[in-house]
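Q: everything below, folded, please.
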Amino acid sequence: MLRILHQIFRTGVVTEPLPEDVESEVAIVGQRLEEAVRRRFRRSLAIREVDAGSCNGCELEIIAMNNPIYNCERFGLQFTASPRFADLLLVTGPVSVNMEIALQRTYNATPDPKLVIAVGDCGCNGGVFGESYASLGAVSNVIPVDAVIPGCPPTPFDLLNGILRLIEG
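A: Residues are numbered from 1 along each chain as shown. Take a look at the predicted model:
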């Protein structure tokens, strides 16, 4: 245990900070996002992320949105494990045939008014996977979608900006 702690202290912080211009853009979008969340929800925005069959590229960027660099919780965004507490569903990937029922159940379990964002090219239009015997394609083929965030994968900044655009309407 002491050896591990010594290694941690010796290594220090290895995460690179964002460049100054990107950090300032994140702060501006974050401030607008926080104001929009407070105005529309009067509290924080609870997000449930659903992987409907993706390659996990978008999930990595969604997780990065919650890391210490972007820290989406400072803007009033929080992730929840249950769709019953969620205000927003972030759905990634083309919907695989095996995930269709699970996605519909998650959508139905989310209380009204619910928002749905299709994340990444695969969530928007099926991406490189398209529609096939194993894939139903876009998220909008299975559940109603309010907004899309294109990209393969979209950056955490794009995700924050896409959520802001949806909430500001």
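
Q: got the contact list for the closest residue to A109 other than its chain neighbours?
A: Closest residue in space to A109, ignoring its immediate chain neighbours: P83 at 4.3 Å, by CB to CB, 6 or more residues apart in numbering. Just so you know, the C-beta spots here come from the backbone N, C-alpha and C atoms, and that holds for glycine as well. Residues in contact with P83, defined by CB atoms under 8 Å, 6 or more residues apart in numbering, are 48, 89, 106-107, 109-110.

Q: pick the one among the residues you listed closest to T155.
A: L89 (20.0 Å; CB to CB).

Q: from what I can see the closest one touches V50, true?
A: Yes. In terms of CB atoms under 8 Å, L89 counts as a neighbour of V50; the distance is 5.8 Å.

Q: and the helices in this protein, which stretches?
A: Taking DSSP state H as the test, the helices found in the chain are 2-11, 20-41, 57-65, 100-109, 120-125, 156-168.

Q: what's the overlap in contacts for L89 and V50?
A: Residues within reach of L89 and of V50 at once, by CB under 8 Å, 6+ apart, are T106.

Q: in the chain, which strand is the longest?
A: Criterion DSSP state E: the longest strand present in the chain is strand 45-51.

Q: report the strands that pair with that strand, each with its relative direction.
A: strand 77-79 (parallel), strand 88-92 (parallel) (DSSP bridges).
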